[in-house]
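Asks: no sequence on hand, only this structure:
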């Protein structure tokens, strides 16, 4: 399986929110959360676990990756 690549978010709180999420993605995740009956925070935790196994994070355009 090919790994998906996510860009790191460049903000002072990047270590807490390493991946930028646009409003469309947020809306889709909120809808999925409701359909599955899983709170968004729990769904997010599960997605992060999946991501750690199946994705890589590359530096953003300015070359910074959160710690």
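Replies: All right, it came through fine. Quantities reported herein were computed from a predicted structural model and do not represent experimental measurements.

Asks: now residue 48: which helix or strand?
Replies: Secondary structure assignment for residue 48, by DSSP states H and E: helix 40-54.

Asks: tell me what that helix is packed against?
Replies: Secondary-structure packing of helix 40-54 (3 or more C-beta pairs under 8 Å, 6 or more residues apart in numbering; DSSP states H and E): strand 4-7, helix 23-36. Where you see a C-beta, it was placed from the backbone N, CA and C, and this is true even at glycine.

Asks: the same query, at a cut-off of 6 Å, please.
Replies: Counting contacts by 3 or more C-beta pairs under 6 Å, 6 or more residues apart in numbering; DSSP states H and E, helix 40-54 packs against no other helix or strand.

Asks: could you find the closest non-adjacent residue to residue 40?
Replies: Distances taken as C-beta to C-beta, 6 or more residues apart in numbering place residue 33 nearest to residue 40, at 4.6 Å, with adjacent residues excluded.

Asks: ok so, going back, quick one: contacts of the helix holding residue 48?
Replies: Defining contact as C-beta atoms under 6 Å, 6 or more residues apart in numbering, one finds that helix 40-54 is touched by residue 33.

Asks: what do you get for stretch 26-36?
Replies: Contacts of stretch 26-36 (C-beta under 6 Å, 6+ apart): 40, 43.

Asks: the helix holding residue 48 vs helix 23-36, what angle?
Replies: Relative orientation of helix 40-54 and helix 23-36, computed by axes from the mean of the first three to the mean of the last three C-alpha atoms, to 10 degrees: 110 degrees.

Asks: let me see the mean pLDDT of helix 40-54.
Replies: Average pLDDT, helix 40-54: 81.

Asks: how about that helix: buried residues?
Replies: Across helix 40-54, burial judged by 16 or more other C-beta atoms under 10 Å covers 43, 51.

Asks: number the residues from 31 up from this point.
Replies: Understood, numbering begins at 31; the last thing we discussed is helix 70-84.

Asks: and the pLDDT at the residue nearest to residue 70?
Replies: 90.

Asks: what's the closest non-adjacent residue to residue 68?
Replies: Of all residues not flanking residue 68 in the chain, residue 76 sits nearest, at 7.6 Å (C-beta to C-beta, 6+ apart).

Asks: before I go, just wanted to say thanks for your time.
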